[in-house]
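In: Give me a model of this one.
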Amino acid sequence: RDTGGPAPRLVVGPWTHDDYSGRATGLDFGPDASAEAADLTALHLRWFDAVLRGDALDSPPVRVFLMGADRWTEATEFPPRDARPLEMYLTPEGALAPEPSGSGGRRLVSDPASPVPTCGGNVLLFAPFGAGPADQTAVQARPDVVSWRTGPLEEPLTVMGAVRAVVHLVTTGTDADVVVRLCDEHPDGAGRVVADGVRRGSARSVDPVTGRGGRRPLEPGRAYEITVDLWSTAHTFLPGHRIRVDIAPSSSPRWDVGTNTYAPEGEFAPPVTAEHTILQGAGRPSRLVLDVIPSPV
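Out: As a prediction, the model looks like this:
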């Protein structure tokens, strides 16, 4: 709605809730990444002058730090107008491919008594659960985490905008949590989290913003399409790196550990161990969807 004031401004840096240095979980985004280098205070003052004094704002409304390329970029809106969705399909062989192929499923066992631990990401938690692009190697090695990856990239790929996953799932329980992580796998094998998200199967029809819609149990053995919102990012996957997707049944303590058993609101269902199967192929096209732009690197 037009309020008569200046258009909103968006500034996003590679920062955590309490660290504006441009360094997190052992990764340094370079000398221009800190809030001091970006002169964040000056940006605030120019905004206040525009709102309170009517001064003109002559800078683009969006300023975002592009991780991977490790530099700032400006745009008139976010996502940029030239952003286009790129679908990458999960294959039974563990690859991310431009088209669905074959058919099959990959299984994992969800044990609520042994949840997958949170490791980095967009979190505000107590120690030792720090925020940032943490290496997922130890987590990814767990038997209840399954992964898909591209080959080494020949050209840079820049994601700037929304990230989501569409997962076709069968479970032996009456509910299931689906945690999806987008990772940048470096040539040395380290896989650093870029974005992640979660969706509870019984809430598959609930609007994640408004909360409208009802929860319903899953039917064991039946396939469901579950969309997982990984929010947004601005990240360049460099040549030689791989794009990787990890799927897990939990991330604790970031998200509440599900019981794999449906219970109406306000009631408790005893936890059970369940087997989840992620289906792939033309008939059940589980996939990652990225907003990508022509790479500015």
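In: Go ahead and confirm A138 touches C119.
Out: Yes. Using C-beta atoms under 8 Å, A138 makes contact with C119 at a distance of 7.3 Å. (Each C-beta comes from the backbone N, C-alpha and C, glycine too.)
In: Give the residue from those two that has the larger number of neighbours.
Out: C119 (22 against 10; other C-beta atoms under 10 Å).
In: what residues are up against that one?
Out: F129, A134, D135, Q136, A138, V139, V193 (C-beta atoms under 8 Å, 6 or more residues apart in numbering).
In: are any of those buried, and which?
Out: F129, A134, D135, Q136, V139, V193 (16 or more other C-beta atoms under 10 Å).
In: So for the third one, what's the pLDDT?
Out: I take that to be D135. What the model reports as pLDDT for D135 is 97.
In: Begin at 10 from now on, thanks
Out: Yep, numbering from 10; the last one is D144 now.
In: That one reaches G35, doesn't it?
Out: Yes. Using C-beta under 8 Å, D144 is in contact with G35, at 7.5 Å.
In: Pick the one among the contacts of C128 closest to L95.
Out: V202 (19.2 Å; C-beta to C-beta).
In: where does the closest one land on pLDDT?
Out: For V202, the model assigns a pLDDT of 98.
In: Roughly how far does it sit from D91?
Out: 26 Å (C-beta to C-beta, to the nearest Å).
In: Repeat that for E228.
Out: 42 Å.
In: cool, P262 as well?
Out: 39 Å.
In: okay, how far is it across stretch 18-27, tip to tip?
Out: 21 Å (C-alpha to C-alpha, to the nearest Å).
In: again, but for stretch 144-154
Out: 14 Å.
In: the longest helix in this protein is where?
Out: helix 49-62 (DSSP state H).
In: helix or strand right after that one?
Out: strand 71-75 (DSSP states H and E).
In: What strands flank whichever helix or strand comes after that next one, and is each parallel or antiparallel?
Out: Downstream of strand 71-75, the first helix or strand assigned by DSSP H and E is strand 80-84. Counting by DSSP bridges, the strands paired with strand 80-84 are strand 71-75 (antiparallel).
In: Can you show me the CA trace of the strand it pairs with as PDB?
Out: Extracted C-alpha coordinates of strand 71-75, given in PDB (Å, rounded to 0.1, in the frame of the first residue of the first chain):
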ATOM      1  CA  VAL A  71      17.700  -3.900  -2.600                       C
ATOM      2  CA  ARG A  72      21.200  -4.600  -1.500                       C
ATOM      3  CA  VAL A  73      22.100  -8.200  -0.900                       C
ATOM      4  CA  PHE A  74      25.400  -9.900  -0.200                       C
ATOM      5  CA  LEU A  75      25.900 -12.700  -2.700                       C
END
